[in-house]
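In: the following block contains a protein sequence and its predicted model.
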Amino acid sequence: MNISKLLTEKLLAALAEIGLEVPDPSRIQVKPADDLRYGDYQSTVAMMLAKPAGKNPRVIASELMEHLDVAALAEVSIAGPGFLNFTITSETWSVLAKKQWQDPNHSVQVVPKPETVVIDFSAPNVAKPMHIGHIRSTIIGECLGRIASRLGHKVIKDNHIGDWGTQFGMVTWAWKKEVNEEQLRIEPLQELLRLYRSATDACKEDESIKDACRQELVALQDGNPENLAIWNRCLELSRKGLDEIYTRLDVSFDHWLGESSYNDALALLVEKLKSQDLARESDGALCVFSDESGKPKNDPFKVNRDGEWQDYPMIVRKKDGAFNYATTDIATVVFRADEWKAEKVWYVVDFRQGGHFKQLFEVSRRFGYDQIDLVHVAFGTILGKDGKPLKTRAGDLPQLANVLNDAVKAAREVVGNKSHLNTEEEKDELAELIGVNSVKFTELSHHRMSDYVFDLDKMVALEGDTAPYLFYSYVRARSIFRKLEEGAVDTLDAKKLTITEPAEIHLVRMLTRFGDNVSVVLDDFRPNILATYLLELARSFHSFFEACPVLRAEGETRESRLILCDLTSRVIKDGLNLLGIQVPERM
RNA sequence: GCACCCAUAGCUCAACUGGAUAGAGCAACGCACUUCUAAUGCGUAGGUUACAGGUUCAAGUCCUGUUGGGUGUGCCA
């Protein structure tokens, strides 16, 4: 039981007793206090109800206080214009800490109604190495998947790779002309990238080559054996490279149903769209237009040009007969709903595709898929130090593998200077862990919609709001137990838990907020809430660790502090794992 | 032009969805290591939350407008 809910129930009971009418009981709650000077929890209920009741909020507050049956839990006081402040007693803190320590879930509550959630994330184009642009989707998606699973949902992580689009026409065109089998063996991803670039360069110079590339794509989609063979080899080679990166990032998928998986369904789908009058021909293409039901301003199928609202349809079949990503995306919704019985689909995709998703969701709804909850989990841009979208000197997006290597290199220097580890191998391993996870943690600690500057030095820095800071608090806590004999944790006795020092109380206060901070991430798809929470928890642990000797304390105090160290390290490890981050045992 | 997103300390970012005196980290300055890992802690300084109105007992948060930036805008994904 969560203390906030418990106090809310008590408050509702008190409201009923004094006979005050409550218009919307769901809005009555006792929340963690923003400012610890006013206690641990607070409620603004007296001020909310003052006006409708025609009473002074402080009067309501004091009536409530008289009828609040929380003496065993907290002290209550009235402050300011009518706040009810709850100060949790140290006995209650002890009980809460004990419960959480004994709970393998660390008081994370599963949802009452689990749902089937498909998470569509990462989705790189094959035949091109992953670049920095893929990091946000990949890391956020993995994190949301872990948290949703933990909260009891049935999660299906699907990597909807781009294995069927225009870029394949380009690669195939260049492959036929100039593939280097030697290079393909040595550095397959780089060779594929070279072919792709060669084709894009050629297209820029000669329009007819663009058409040739399109023809290669159409041939592939029609099942031309040579094109299919090339496609298969590209896929195989790319998959190897992608697996390597995903392993390094500790990201996994349940399915890899790329665009190609839906190819066979597209023709029939488009016929259905036509027969249901959802799609019609326009300029040779087959399009879905607005149903004219709403204001043009909010209509995803309208666009304003020179003061006039014009049609802006979703094209489901191009005039050359080929299907595009809109078509596959509709087919994908249908498949996920029909075959997987998905109740929710979360698309973790760059915000620039917002318009596309509005159209997709609307078409799905009109096509009869109106029960499934489709969400575009959008995110912003990663910037370089110049404040512009991150690019290499050559003007391309940096490859993800190179970025990770750079991060590990930077981490290695820091580790070399600071680490307590003995061997170079251990230090290399730690640098890999810190480097990769610093990139991940930086991503997850930002609000997903904000653009942020990619600054390697800051990510792996010695101090500050970083992954190493969290690692350090974990390692510090665990190091205590290495000083004890094996199995010392198992003999700890939580019956004797005493929490009295301010630093202890503050640590417990932070620990008890873990469950809520995990749940709230999914309210608006905000991993940064959990990341920020963990930093705050780590900070309160360091304060505790400086202020309260553990091994040198005696009796119940020593026992209690050992338990706090154990619990904190477990919660930090658990929380980081939910973000998708592994912790080191030593550093 | 129109639509979407963003604007908070010198810098990088928070603010539990409307609550009290807007918080952290970096950078700056001061203090604390023969003491459980100082990759740390404690302290000082730093703000008209872009601007102007409105709603509310209460606004960084909601609404309207303005300014500045990013993005999108018919066959790429």
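Out: Thanks, I have it. Bear in mind that the values here come from a model prediction, so they are computed numbers and not experimental data.

In: quick one: the helices in the stretch 1-150 of chain A?
Out: Taking DSSP state H, counting those that start in this stretch, the helices of the stretch 1-150 of chain A run over residues A:3-18, A:45-53, A:57-67, A:90-102, A:134-150.

In: export those helices as a markdown table, with columns for distance to A:T381, mean neighbour count and mean pLDDT.
Out: The way it works is simple: take the backbone N, C-alpha and C, and place the C-beta from them, glycine included. Formatted as a markdown table, those follow (distance: least, Cβ to Cβ, whole Å; neighbours: other Cβ atoms under 10 Å; pLDDT from 0 to 100):
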| stretch | distance to A:T381 | mean neighbour count | mean pLDDT |
| --- | --- | --- | --- |
| helix A:3-18 | 36 | 18 | 89 |
| helix A:45-53 | 40 | 18 | 88 |
| helix A:57-67 | 45 | 18 | 92 |
| helix A:90-102 | 39 | 19 | 92 |
| helix A:134-150 | 9 | 23 | 95 |
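
In: can you list those helices in JSON lines and add distance to A:R239?
Out: Below are the helices of the stretch 1-150 of chain A laid out as JSON lines (distance: least, Cβ to Cβ, whole Å):
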{"stretch": "helix A:3-18", "distance to A:R239": "47"}
{"stretch": "helix A:45-53", "distance to A:R239": "56"}
{"stretch": "helix A:57-67", "distance to A:R239": "62"}
{"stretch": "helix A:90-102", "distance to A:R239": "42"}
{"stretch": "helix A:134-150", "distance to A:R239": "15"}
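
In: closest to A:I186 out of those?
Out: When the helices of the stretch 1-150 of chain A are compared by Cβ to Cβ, helix A:134-150 sits nearest A:I186, at 23.9 Å.

In: is there proximity between the closest one and RNA strand B?
Out: No - using Cβ under 7 Å from any atom of the strand, we find that helix A:134-150 stays clear of RNA strand B, coming within 11.0 Å at best.

In: kindly export that helix (C-alpha atoms) in CSV.
Out: Extracted in CSV, the C-alpha atoms of helix A:134-150 (Å, rounded to 0.1, in the frame of the first residue of the first chain):
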residue,chain,number,x,y,z
HIS,A,134,18.3,6.3,-34.3
ILE,A,135,19.5,6.6,-30.8
ARG,A,136,16.5,8.4,-29.3
SER,A,137,13.9,6.0,-30.7
THR,A,138,15.9,3.0,-29.8
ILE,A,139,16.7,4.0,-26.2
ILE,A,140,13.3,5.5,-25.4
GLY,A,141,11.4,2.6,-26.9
GLU,A,142,13.4,0.0,-25.0
CYS,A,143,12.9,1.8,-21.8
LEU,A,144,9.1,2.1,-22.3
GLY,A,145,9.0,-1.6,-23.1
ARG,A,146,10.8,-2.5,-19.9
ILE,A,147,8.6,-0.3,-17.7
ALA,A,148,5.4,-1.4,-19.4
SER,A,149,6.3,-5.0,-18.8
ARG,A,150,7.2,-4.3,-15.2
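
In: off-centre distance for that helix?
Out: 4 Å (Cα atoms, centre = their mean, to the nearest Å).

In: what angle do the next helix or strand after it and helix A:134-150 make?
Out: Once helix A:134-150 ends, the next helix or strand along the chain (criterion: DSSP states H and E) is strand A:154-158. Calculated by axes from the mean of the first three to the mean of the last three Cα atoms, to 10 degrees, strand A:154-158 forms an angle of 160 degrees with helix A:134-150.

In: beyond strand A:154-158, next helix or strand please.
Out: Following strand A:154-158 in sequence, per DSSP H and E, is helix A:166-178.

In: stretch A:441-449 close to RNA strand B?
Out: Yes - Stretch A:441-449 reaches RNA strand B (Cβ under 7 Å from any atom of the strand) through A:445-447, A:449.

In: end-to-end on that stretch?
Out: 16 Å (Cα to Cα, to the nearest Å).

In: between the residues of stretch A:441-449 next to RNA strand B, which is closest to RNA strand B?
Out: RNA strand B lies nearest to A:H447 out of the residues of stretch A:441-449 next to RNA strand B, by Cβ to the nearest atom of the strand, at 2.5 Å.

In: residue contacts, that closest one?
Out: A:526, A:528 (Cβ atoms under 8 Å, 6 or more residues apart in numbering).

In: again, 10 Å this time
Out: A:379-380, A:524, A:526-529, A:532 (Cβ atoms under 10 Å, 6 or more residues apart in numbering).

In: then A:A461?
Out: A:410-411, A:414, A:438, A:455, A:467-469.

In: give me the subset of those residues touching RNA strand B.
Out: Contacts with RNA strand B are made by A:414, A:468-469 out of the contacts of A:A461, judged by Cβ under 7 Å from any atom of the strand.

In: shaky segments in chain A?
Out: By pLDDT under 70, the low-scoring segments of chain A are A:1, A:392-395, A:462.

In: which of the contacts of A:A461 fall within helices?
Out: A:410-411, A:414, A:438, A:467-469 (DSSP state H).

In: near RNA strand B, which residues of the stretch 51-200 of chain A?
Out: Residues of the stretch 51-200 of chain A lying near RNA strand B (Cβ under 7 Å from any atom of the strand): A:51, A:57, A:79-81, A:83, A:85, A:125, A:162, A:165-167.

In: could I get the contacting residues of A:Y533?
Out: A:510, A:513-514, A:516-518, A:520-521, A:571, A:575.

In: domain parsing of chain A, as residue ranges.
Out: Following automatic domain parsing, one finds the domains of chain A at A:3-88, A:400-579.

In: and the last one, how far out from the chain middle?
Out: Pointing back at domain A:400-579 there. 19 Å.

In: ok, the first one next?
Out: Averaging C-alpha coordinates over domain A:3-88 and over its chain gives two centres that are 34 Å apart (Cα atoms, centre = their mean).

In: equivalent analysis for stretch A:270-281, please.
Out: Relative to the chain's own centre, stretch A:270-281 is displaced by 36 Å; criterion: Cα atoms, centre = their mean.

In: first-to-last residue distance for it?
Out: End-to-end span of stretch A:270-281 (Cα to Cα): 11 Å.

In: what residues are up against A:P23?
Out: A:48-49, A:52.

In: I'd say A:W309 and A:N298 touch.
Out: No - using Cβ atoms under 10 Å, A:W309 is not in contact with A:N298; the gap is 11.3 Å.

In: neighbour count winner among the two?
Out: A:W309 (14 against 8; other Cβ atoms under 10 Å).

In: quick one: secondary structure of that one?
Out: A:W309 falls in the strand class when you classify it by DSSP: H, G, I helix; E, B strand; the rest coil.

In: which residues does it bridge with?
Out: Bridge pairing for A:W309 (DSSP bridges) gives the partners A:N304.

In: which phi and psi does the nearest residue to A:Y262 once chain neighbours are set aside have?
Out: Once flanking residues are discounted, A:Y262 sits nearest to A:A331: 4.1 Å by Cβ to Cβ, 6 or more residues apart in numbering. The phi/psi pair for A:A331 (degrees, to the nearest 10) reads phi -60, psi -40.

In: in this structure A:A331 contacts A:E259, no?
Out: Yes - counting by Cβ under 10 Å, A:E259 is a contact partner of A:A331 at 9.2 Å.

In: more crowded one of the two?
Out: For A:A331 versus A:E259, neighbours defined as other Cβ under 10 Å are more numerous around A:E259 (25 against 22).

In: got the contact list for the more buried one?
Out: For A:E259, the contact set (Cβ under 10 Å, 6+ apart) comprises A:123, A:125-126, A:160-165, A:168, A:266, A:323-325, A:327-329, A:331-332.

In: same check, this time on A:N227
Out: A:168-169, A:172-173, A:175-176, A:215-221.

In: the nearest residue to it once chain neighbours are set aside: which element?
Out: Using Cβ to Cβ, 6+ apart and skipping the chain neighbours, the partner closest in space to A:N227 is A:L220 (4.1 Å). For A:L220, the host element (DSSP H and E) is helix A:207-222.

In: chain center to that helix, what's the gap?
Out: 37 Å.

In: same check, this time on stretch A:199-210
Out: Chain-centre distance of stretch A:199-210: 38 Å, with Cα atoms, centre = their mean.
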